[in-house]
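# what follows is a predicted protein model with its sequence.
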Amino acid sequence: MTLPQSRPLTPEPVAATPAPRPTAVALLRHELAKPLLALAALLVLDFIFVPGFFTLQVRDGHLYGPLIDIVNRAAPLMLAALGMTLVIATRGIDISVGAVVALSGTMAAMLIGGTMVIHNGVPEYVAKTPMALALAAALGAAVLCGAWNGLLVAGLKLQPIVATLILMVAGRGLAQLLTDGQIVTVYYQPFFFLGSGYLLGIPFALWVVAAVLLVVALLLKKTALGLFIQAVGINPVAARLAGVRTAALIFFVYVFCSACAGLAGLMIASNIKSADANNAGLLLELDAILAVTLGGTSLAGGKFSLAGSMIGALIIQTLTYTIYSLGVPPEVNMVVKSIVVFAVCLSQSAGFKKMWKGRA
Amino acid sequence: MSSVLTQARGLSGAPYFTSVVTVILLAVLLAAGGAAYPGFLSLQVMLNLLIDNAFLLVIAVGMGIVILSGGIDLSVGSVLALTTMVAAWLLNTAHWPPALVIATVLVMGLAFGAAQGALIHFFQLQPFIVTLAGMFLARGLCYLISIESITIDNPLFVAVSQVQVPVLGGFLSVGALIALLLLGVTIWVSRRTAFGRAVYAIGGNEQSALMMGLPVGRTRILVYAFSGFCAALGGVLFAFYMLSGYGQHAQGTELDAIAAVVIGGTLLSGGYGYVAGALSGVLVLGTIQTLIAFDGTLSSWWTKIVIGALLFLFCVVQRLLSARVKT
């Protein structure tokens, strides 16, 4: 077994850490430098070609503008990427994210349903099930999905890609079964707040992402959890021998990943005011993996960056926005994404670095 | 009592055990279908299973070889779609002769696979991520040609799609015959040639294969090239079958192919299983679909749920088996 010995067994800095003397070179060497530069390049491109890209307006006390739009639309992807980061950090992968998104969105939409009734001349919205209960049920379903994945990976020791493939195939089938393949429309105003509401002028979805990010970052930094996850990613056997409860930890990251996906599903359903079991979250797992890779997290496990994944999600959404606003056919998006993946993978590969240095 | 148990253990430890389970499962499914629906067990229904799933069989054969070598290829469905698209475009817009078109797309699939294999081998990238990007690339290229579906009205393609080859009183399509031929050749290659043995060796343990002096790099690139070729051939058969090129053709086929290979008894960790398992796996999937179609009241999503359940079952059985082999 080959062990990457150069990797330090200390938690990587989650956010930007102050270097002793931040010279330009040191800043460029920072792990977030490359994704940030990519994002900046995209933004500059938008600044040149999209008129009024950086305008921010306050309308009805809400912030509006292309930038806000990008960040708001990236929110579900950011959540999915957050969960995926931890899974990938333990050398795993979860390709059932899209199916969980469909399942949780469908559950919530079906339970809430909702109608508008005129009560004493005042329109009132009535939900089938109390919203809190419906949201809890949808998230509960997502957590159950995660527990299933975790059980297969940590308990039965199946390969992660195969274990989650099962739910990827069956999960969407279940969601379609629930809705009979139809799109479930929601008529219940309070539910829309999650996906399109504003709090203090900022989209509510962003508050949710920020809260989840903050909780996870604190948990990883202030407890030994981050260290344990990294240890499992670098060498699962050594981590277990050192006394880390690897099975429980791996189980936990899959549950967390699915919970994030479930929350993202609620957000998407709330934003489009309906749940589409056939298409909701389709290929979201691939975007999430892409976001995580772009952020500098190694697919070989052990090295991860939450902030990087968030930047990765923003890069993907900005790329989509740029492609649309430049008038390029949106289909090109897939080609560009694939080239980006190839480029990022090559830049992470040791063999490629050697070749590059050999030539230079 | 204990001797029976030992015998049962001996049987379940045999290398062909999971493959036997699949064949039994297939027989049970067919018997259940025959008992429930009159006319289900007719010869033509069986042959239709092959006709309708010829492209899936071809892809599953390629996927089987990749999985035996310890890798995975997620790009096959997209390469299939790209093949139908390029073929339709070359026939309709560029007016190339059909034989040249078929040869071109096959070489294209081969090159696409070989490029992925080269990336995986030379840069030690994970097969999963490389072929995932390949999947995006091939689908995106489809849409660059056209967003719409292109109808193929080339006389040769139309003629081939309508040929019925009489077999044992029923008939098969040309596509099904090509698929069976490919299966036969691949079985022979996997069991009787140095390349086949190298594939098994790499899947079993890459380090050992390297130390034994086997050409690991060449074999691995060839494996992915073969899978790309199979995907392109599947695309040609799909074009015969559907007579159109479309970027949305065969969404999710890679998952069906992986499921077929796993259900066919091949271990996903590589090095263990039979190429012939692809046939039994594809037939099991096809039978489930036919059963659901015969029932009429069950919606098509039941197919997904049942396939998911079967995948789970086979993964668990494989896991328990390999756990016991080790101890």
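In hand now; what should we look at?

# now for A:W207, how many residues are close by?
Residue crowding around A:W207 was assessed by other C-beta atoms under 10 Å in any protein chain shown; the count is 15. For every residue, glycine as well, the C-beta is placed using N, CA and C.

# same check on A:A280?
Look at A:A280: counted by other C-beta under 10 Å, it has 27 neighbours.

# show the pLDDT at the residue in chain B positioned nearest to chain A.
Going by C-beta to the nearest C-beta, chain A is nearest to B:G308 of chain B, at 2.6 Å. Per-residue pLDDT puts B:G308 at 84.

# would you confirm that it contacts A:L167?
Yes: counting by C-beta atoms under 8 Å, A:L167 is a contact partner of B:G308 at 7.2 Å.

# more neighbours, those two?
Neighbour count, other C-beta under 10 Å: between B:G308 and A:L167, A:L167 has more, with 26 against 23.

# nearest spatial neighbour of that one, skipping sequence neighbours?
Spatial nearest neighbour of A:L167, chain neighbours left out: A:S96 (3.8 Å); criterion: C-beta to C-beta, 6 or more residues apart in numbering or on different chains.

# now do the phi/psi pair for that neighbour.
Note on A:S96: backbone dihedrals following degrees, to the nearest 10 are phi -100, psi 10.

# do I have it right that it meets A:N149?
Yes: using C-beta under 8 Å, A:S96 is in contact with A:N149, at 6.3 Å.

# more neighbours: the two, which one.
A:N149 (31 against 28).

# what sits against the nearest residue to that one once chain neighbours are set aside?
Setting aside the residues directly before and after it, A:N149 is nearest to A:Y254 in space (C-beta to C-beta, 6+ apart), at 4.3 Å. Listed by C-beta atoms under 8 Å, 6 or more residues apart in numbering or on different chains, the contact set of A:Y254 reads A:V87, A:G92, A:D94, A:G146, A:A147, A:N149, A:G150, A:V153, A:A154.

# quick check: the third one touching A:C257?
Yes: contact status for A:D94 versus A:C257: in contact at 4.9 Å, counting by C-beta under 8 Å.

# quick check: neighbours shared by the two?
Contacts common to A:D94 and A:C257, judged by C-beta under 8 Å, 6+ apart, are A:G83, A:M84, A:V87, A:N149.

# can you tell me which two in these are farthest apart?
Farthest-apart pair in those is A:M84 and A:N149; separation 12.2 Å (C-beta to C-beta).

# look up how far A:K273 lies from A:V143.
25 Å (C-beta to C-beta, to the nearest Å).

# can you check B:S244 too?
From B:S244 across to A:K273, the span is 35 Å (C-beta to C-beta).

# what pLDDT does the closest residue to B:P215 other than its chain neighbours get?
Sequence neighbours aside, B:A198 is the residue nearest to B:P215 in space, at 6.6 Å (criterion: C-beta to C-beta, 6+ apart). For B:A198, the model assigns a pLDDT of 91.

# number of nearby residues for B:A198?
Neighbour count for B:A198, taken as other C-beta under 10 Å: 21.

# so what's it up against?
Going by C-beta under 8 Å, 6+ apart, B:A198 touches B:A209, B:L214, B:P215, B:V216, B:T219.

# same check, this time on B:G77
B:I59, B:M135, B:A231, B:A250, B:Q251, B:G252, B:T253, B:E254, B:L255, B:A257.

# the residues you listed in helices, which ones?
Secondary structure from DSSP state H places B:I59, B:M135, B:A231, B:T253, B:E254, B:L255, B:A257 of the contacts of B:G77 in helices.

# so what's the fourth one up against?
Residues in contact with B:T253, defined by C-beta under 8 Å, 6+ apart, are B:F55, B:L56, B:I59, B:V76, B:G77, B:L80, B:G234.

# so out of everything in the stretch 151-300 of chain A, what residue is nearest chain B?
Closest point on the stretch 151-300 of chain A to chain B, by C-beta to the nearest C-beta, is A:A170, at 2.6 Å.

# nearest spatial neighbour of that residue, skipping sequence neighbours?
Using C-beta to C-beta, 6+ apart, the closest residue to A:A170 is B:G308 (2.6 Å).

# quick check: which element contains A:V184?
strand A:183-185 (DSSP states H and E).

# so, in contact with chain B or not, that strand?
No: Strand A:183-185 stays clear of chain B (C-beta under 8 Å from any C-beta of the partner chain), getting no nearer than 14.4 Å.

# got a pLDDT number for the residue lying farthest from the centre of chain A?
Most distant from the centre of chain A: A:N120, at 44.2 Å, with distances by C-alpha atoms, centre = their mean. Note on A:N120: pLDDT of 70.

# how about the residues of the stretch 151-300 of chain B that lie near chain A?
Proximity of the stretch 151-300 of chain B to chain A (C-beta under 8 Å from any C-beta) is limited to residues B:G247, B:L255, B:I258, B:A259, B:V262, B:L268, B:S269, B:S299.

# and A:R245, how many neighbours?
The tally of other residues near A:R245 (other C-beta under 10 Å) stands at 14.

# coming back round to it: which of the contacts of B:A198 fall in helices?
Among these, the ones falling in helices (DSSP H) are B:A209, B:V216, B:T219.

# circling back to that earlier point, tell me the contacts of the residue farthest from the centre of chain A?
With C-beta under 8 Å, 6+ apart, A:N120 has no contacts at all.

# and it, how far from chain B?
Using C-beta to the nearest C-beta, to the nearest Å, A:N120 is found at 43 Å from chain B.

# nearest spatial neighbour of A:L286, skipping sequence neighbours?
Of all residues not flanking A:L286 in the chain, B:L132 sits nearest, at 6.4 Å (C-beta to C-beta, 6+ apart).

# burial of the one you found, as a residue count?
25.

# still on that earlier bit, now a ChimeraX select for only the buried ones of the contacts of A:Y254.
The buried residues among these can be selected in ChimeraX (16 or more other C-beta atoms under 10 Å in any protein chain shown) with this line:
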select /A:87,92,94,146,149,150,153,154
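
# out of the residues of the stretch 151-300 of chain B next to chain A, who's nearest A:A134?
B:S299 (24.4 Å).

# and the ones in helices among the contacts of B:G77, which two are furthest apart?
Pairwise distances across those peak at 13.9 Å for B:A231 and B:L255 (criterion: C-beta to C-beta).

# more neighbours, those two?
The residue with more neighbours, out of B:A231 and B:L255, is B:A231; 34 against 20, by other C-beta under 10 Å.

# OK, contacts around that one?
Contacts of B:A231 were listed using C-beta under 8 Å, 6+ apart, and they are B:I59, B:G62, B:D73, B:S75, B:V76, B:G77, B:V79, B:L80, B:T83, B:G109, B:F112, B:G113.

# sitting in helices, which of these do you find?
Mapping these onto helices (DSSP H) picks out B:I59, B:G62, B:V76, B:G77, B:V79, B:L80, B:T83, B:G109, B:F112, B:G113.

# could I get those in TSV, plus columns for pLDDT and distance to A:L220?
Below are these laid out as TSV (pLDDT from 0 to 100; distance: C-beta to C-beta, whole Å):
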residue	pLDDT	distance to A:L220
B:I59	94	41
B:G62	94	42
B:V76	93	38
B:G77	91	37
B:V79	94	40
B:L80	93	42
B:T83	93	46
B:G109	95	44
B:F112	95	40
B:G113	95	40
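
# what's the closest of the residues you listed to A:L178?
Of these, the one sitting nearest to A:L178 (C-beta to C-beta) turns out to be B:G77, at 25.8 Å.

# nearest residue to the closest one other than its sequence neighbours?
B:T253 (3.6 Å).

# so where is chain A shaky, pLDDT-wise?
Counting by pLDDT under 70, chain A contains low-confidence ranges at A:1-29, A:61, A:114-119, A:121-124, A:350, A:356-360.
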